[in-house]
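Asks: predicted model, plus sequence, below.
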Amino acid sequence: MTDRTALLVGLRRFGEEGRPASEAARWVMREMGDDFKVFPLMVHFFSAYHVPVARLREMECWEGLGLGGPLTDAQLDEVIGPLRVRETPLS
């Protein structure tokens with residue numbers, strides 16, 4: 001099982017460094033390993049960043065999940081937008 005706090009710290013770092021959503025999502029997927037599920041990925045993003053839920057739902061269509069979704073990395077990055085870090089992460 002992956003430590004949620006460590007994931008949020010890592011995600012915040014991605015946002016602070018101005019890296020794209022697709023890169024942050026791939027990192028979370030690697031960190032979660034066998035525990036990976038799409039819904040927790042969206043929850044972690046929502047906890048770490050100011051991203052509307054409707055946009056996070058687009059992650060379900062991202063090709064990076066390996067589920068046959070049509071959304072490319074560039075399209076996901078555009079939909080999610082810049083990773084604006086929450087000053088106080090949700091708990």
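Replies: That came through, no problem.
Asks: helices of this structure, start to end?
Replies: 4-16, 21-32, 38-48, 53-56, 73-80 (DSSP state H).
Asks: would you list these in TSV and tack on mean neighbour count and mean pLDDT?
Replies: Yep, even glycine has a C-beta here, placed from its N, CA and C like the rest. Formatted as TSV, these follow (neighbours: other C-beta atoms under 10 Å; pLDDT from 0 to 100):
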stretch	mean neighbour count	mean pLDDT
helix 4-16	16	94
helix 21-32	18	96
helix 38-48	18	94
helix 53-56	14	94
helix 73-80	17	97
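Asks: nearest to Glu87, of those?
Replies: Distance to Glu87, taken as C-beta to C-beta, is lowest for helix 4-16 among these, at 10.1 Å.
Asks: list of residues touching that closest one?
Replies: 23-24, 27-28, 31-32, 44-45, 47-49, 82-85, 89 (C-beta atoms under 8 Å, 6 or more residues apart in numbering).
Asks: and if you look at stretch 23-40?
Replies: Stretch 23-40 is contacted by residues 1-2, 6-7, 10-11, 14-15, 41, 44-45, 59-60, 62, 64-65, 76, 83 when judged by C-beta under 8 Å, 6+ apart.
Asks: how long is it from one end to the other?
Replies: Length of stretch 23-40, first residue to last, C-alpha to C-alpha, to the nearest Å: 16 Å.
Asks: pull the distance from it to the chain's centre.
Replies: Here the centre of stretch 23-40 is set off from its chain's centre by 8 Å, with C-alpha atoms, centre = their mean, to the nearest Å.
Asks: noted, bye for now.
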